[in-house]
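[1] I'll drop the sequence and a predicted model, then ask my questions.
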Amino acid sequence: AQSVAQPEDQVNVAEGNPLTVKCTYSVSGNPYLFWYVQYPNRGLQFLLKYITGDNLVKGSYGFEAEFNKSQTSFHLKKPSALVSDSALYFCAVRDPAGGGNKLTFGTGTQLKVEL
Amino acid sequence: DGGITQSPKYLFRKEGQNVTLSCEQNLNHDAMYWYRQDPGQGLRLIYYSQIVNDFQKGDIAEGYSVSREKKESFPLTVTSAQKNPTAFYLCASSVGDRYTEAFFGQGTRLTVV
């Protein structure tokens, strides 16, 4: 079975500082990994994905994520946080070896960027 | 504009009543999904469909039903058997291969009164 863990319910960071939102996964094969962002009472917006190739993936709004197979992690990062980055972030995984198209989400991490 | 439309945005239901949430997409996507979002629990998969006239149960299908008679439509019915239906419901679609991301609608907030 595929699963995703986001160990932090909330992350606080000062504007201008780097931010990291953590994600670890469990799959039987090689994972396909995704990050989404959600603003209040809205749907999810896609940020970036890792399918294969370079472990550092760049996405929308200056976000990037690093795939680490040995640590089964896919942490979301941004070099300099903005107040407007404050939102709920979700990591998601597909397991092509066993899960078909099923997309499994983590519980989400609330990011708060303060002045 | 291409996208996914969920309606209504807010829905109130009396206990014991069935209610149907609408999801329509004009992205020509093969796969469609229904998720339920509760605070602190993230998104949990209710049902998904990879092709017309076919769908599979997700992790929390009990008390829900779906149909996929048309490629662009994937309505979700919340039945009276669902014990705790108050939640935010999200519909999504994707091309259908395993590599592409899913696109989400704006959600329907269902409240049982």
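    Structure's in. What do you need?

[2] where does chain B have low pLDDT?
    Filtered on pLDDT under 70, chain B yields the residue ranges B:1-2.

[3] so which residues on it come close to chain A?
    B:4, B:6, B:31, B:33, B:35, B:40-45, B:48, B:50, B:58, B:88, B:90, B:92, B:94, B:96-99, B:101-107, B:109 (Cβ under 8 Å from any Cβ of the partner chain). Glycine gets a C-beta too; all of them are placed from N, C-alpha and C.

[4] in ChimeraX, select just the buried ones from those residues.
    Typed into ChimeraX, the next command selects the buried ones out of the residues of chain B next to chain A (criterion: 16 or more other Cβ atoms under 10 Å in any protein chain shown):
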select /B:4,6,31,33,35,42,43,44,45,48,50,58,88,90,92,94,98,101,102,103,104,105,106,107
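
[5] sort out for me which of the residues of chain B next to chain A are in strands.
    B:4, B:6, B:31, B:33, B:35, B:42-45, B:48, B:50, B:88, B:90, B:92, B:94, B:103-104, B:109 (DSSP state E).

[6] gap between the residue nearest the centre of chain B and residue B:16?
    Closest to where the C-alpha atoms of chain B average out (Cα atoms, centre = their mean) is residue B:34, at 2.9 Å. When Cβ to Cβ, to the nearest Å is the yardstick, residue B:34 and residue B:16 sit 22 Å from each other.

[7] now do the same contact list for residue A:63.
    Residue A:63 makes contact with A:35, A:47, A:48, A:76, A:77, A:78, according to Cβ atoms under 8 Å, 6 or more residues apart in numbering or on different chains.

[8] which one of those has the most neighbours?
    residue A:35 (28 neighbours; other Cβ atoms under 10 Å in any protein chain shown).
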